[in-house]
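Engineer: Okay, sequence plus prediction incoming.
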Amino acid sequence: MPNSQWTQLHAQLHRTLLQRKILPPNQRLLVAVSGGQDSLCLLKLLLDLQPKWGWELAIAHCDHRWRSDSEANANHVASLAKNWGICYYQKTADRIPNTEAAARNWRYQSLTEIAIANNYPYIVTGHTASDRAETLLYNLIRGSGADGLSALSWVRPLADFRLPILDIGLGNPHKNPKSKIQNLKSKISLVRPLLEITRSQTGQFCQEQKLPIWEDSTNQDLQYARNRIRSELLPYLETHFNPKTQQALAQTAELLRADVEYLELAATDLLQQAMSEINEGEHENFQLPVKLNRQILQAAPLSLQRRAMRQLLQHILPNAPSFESVEKLTALIVAPNRSQTDPFPSGAIATVEKPWITIKYIAELPSIR
Ligand SMILES: Nc1ncnc2c1ncn2[C@@H]1O[C@H](COP(=O)(O)OP(=O)(O)OP(=O)(O)O)[C@@H](O)[C@H]1O
């Protein structure tokens, strides 16, 4: 591994880790390395901080087989790991993912599998303040609430992936496999320690340290909205409005994140209260039919009503609830008696009967006169 002097960026990351306590000392960390400037900068900084923190570091690379140079990119990261004497893991996609979202899903699933199989409780990525600013702008343009604008948190539990049991070598899958997998998954955190550092800082660091960056050819492709935001919109905003646009937007995202966390907790509380009397202990499972007390919901502000209804639909529907689904359920909180929604994607329907909203499958409804 190349020697390194302690720079301002080392000090900044060290400070962030001390303040935020997002990567405890003496832990096994799996660093997700694409080969680009952000993840190489992250890797080098963590390696340099390693003696102070006592971590055990490993590299994970995911080859999506998306670009003609994907294999060469993977080989580049593998040989860097070898030269620097770092343990290296790689996953290669069986089938080329057909969308960016599918590629991202496959990547997080692969990283989680590597982490579980090799006992790494932390997966660390090189997301920067610039990524945060771009995500905020992208979501703002597409129409998003505070949740989308607060995108990218410092730590996220990786608990949403279904892992094939045989892939992760858990032994006998017949002995309550579900609870075993959930236990393991809930112990893995995705950590993003560079969220206060901009892309121009990581670029400069890589240059100074002479790190061998692999240039992703698709980064220049303006067909991708994110690239256009990065190479045209942000520079425009920086030239004409605020030279520190990226930091300012990242800060906005940080403030909104705390607000969103608070509101989500309050909404969970509200939902539990609205469900508690009638569903007698069943409300944790969200099995239909579900009944909600409208009087309790009516006393809450609209923001919490919306969030509570969204949380409920997240439990009931097969996919993330749309804005329209949330709105039509929320509307029932103050709607006249006997109002009802049209069916949700799961085939369930919500009806109003005096103080109650009932959500059940259509077949369970009494015939409507
Ligand atoms: N092919 C890869 N293999 C391993 N890690 C990767 C790979 N691609 C990206 N990463 C990790 O994810 C971080 C973010 O990468 P990038 O911004 O390209 O992804 P994104 O898809 O825009 O982000 P997100 O995954 O949050 O949607 C990188 O700094 C790196 O840590």
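Structural biologist: In hand now; what should we look at?
Engineer: State the pLDDT value of the closest residue to the ligand within the stretch 201-350 of the chain.
Structural biologist: Using C-beta to the nearest ligand atom, the single residue of the stretch 201-350 of the chain nearest to the ligand is R226, 6.5 Å away. Where C-beta positions appear, they are placed from N, C-alpha and C, glycine not excepted. Looking at R226, its pLDDT is 89.
Engineer: how about C62, secondary structure?
Structural biologist: Here C62 takes the strand state, with states given by DSSP: H, G, I helix; E, B strand; the rest coil.
Engineer: Now for the residue lying closest to G36 once chain neighbours are set aside: which residues touch it?
Structural biologist: In this structure, G36 finds its nearest non-sequential neighbour in D216, 5.7 Å apart by C-beta to C-beta, 6 or more residues apart in numbering. Applying C-beta atoms under 8 Å, 6 or more residues apart in numbering to D216 gives the contacts S34, G35, G36, R67, N73.
Engineer: For the closest residue to I86 other than its chain neighbours, name its beta-bridge partners.
Structural biologist: Nearest residue to I86, sequence neighbours excluded (C-beta to C-beta, 6+ apart): I59, at 5.4 Å. Taking DSSP bridges as the rule, I59 bridges to V31, Y88.
Engineer: Which pair in the contacts of D216 has the greatest spatial separation?
Structural biologist: G36 and R67 (12.4 Å; C-beta to C-beta).
Engineer: For these two, indicate the residue with more neighbours.
Structural biologist: G36 (19 against 14; other C-beta atoms under 10 Å).
Engineer: Looking at the stretch 1-150 of the chain, which residue is nearest the ligand?
Structural biologist: Closest point on the stretch 1-150 of the chain to the ligand, by C-beta to the nearest ligand atom, is G126, at 2.8 Å.
Engineer: Contact distance from the ligand - what residues of the chain qualify?
Structural biologist: Residues of the chain lying near the ligand by C-beta under 6 Å from any ligand atom: 32-34, 38-39, 60-62, 104, 107, 125-127, 131.
Engineer: would you list those in a markdown table and tack on neighbour count, pLDDT and distance to K360?
Structural biologist: Converted to a markdown table, these look like this (neighbours: other C-beta atoms under 10 Å; pLDDT from 0 to 100; distance: C-beta to C-beta, whole Å):
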| residue | neighbour count | pLDDT | distance to K360 |
| --- | --- | --- | --- |
| A32 | 23 | 98 | 43 |
| V33 | 25 | 98 | 49 |
| S34 | 19 | 97 | 47 |
| D38 | 24 | 98 | 48 |
| S39 | 24 | 98 | 48 |
| A60 | 26 | 98 | 45 |
| H61 | 27 | 98 | 48 |
| C62 | 25 | 97 | 42 |
| R104 | 13 | 91 | 35 |
| R107 | 21 | 96 | 38 |
| T125 | 25 | 98 | 42 |
| G126 | 24 | 98 | 47 |
| H127 | 24 | 98 | 42 |
| D131 | 23 | 96 | 42 |
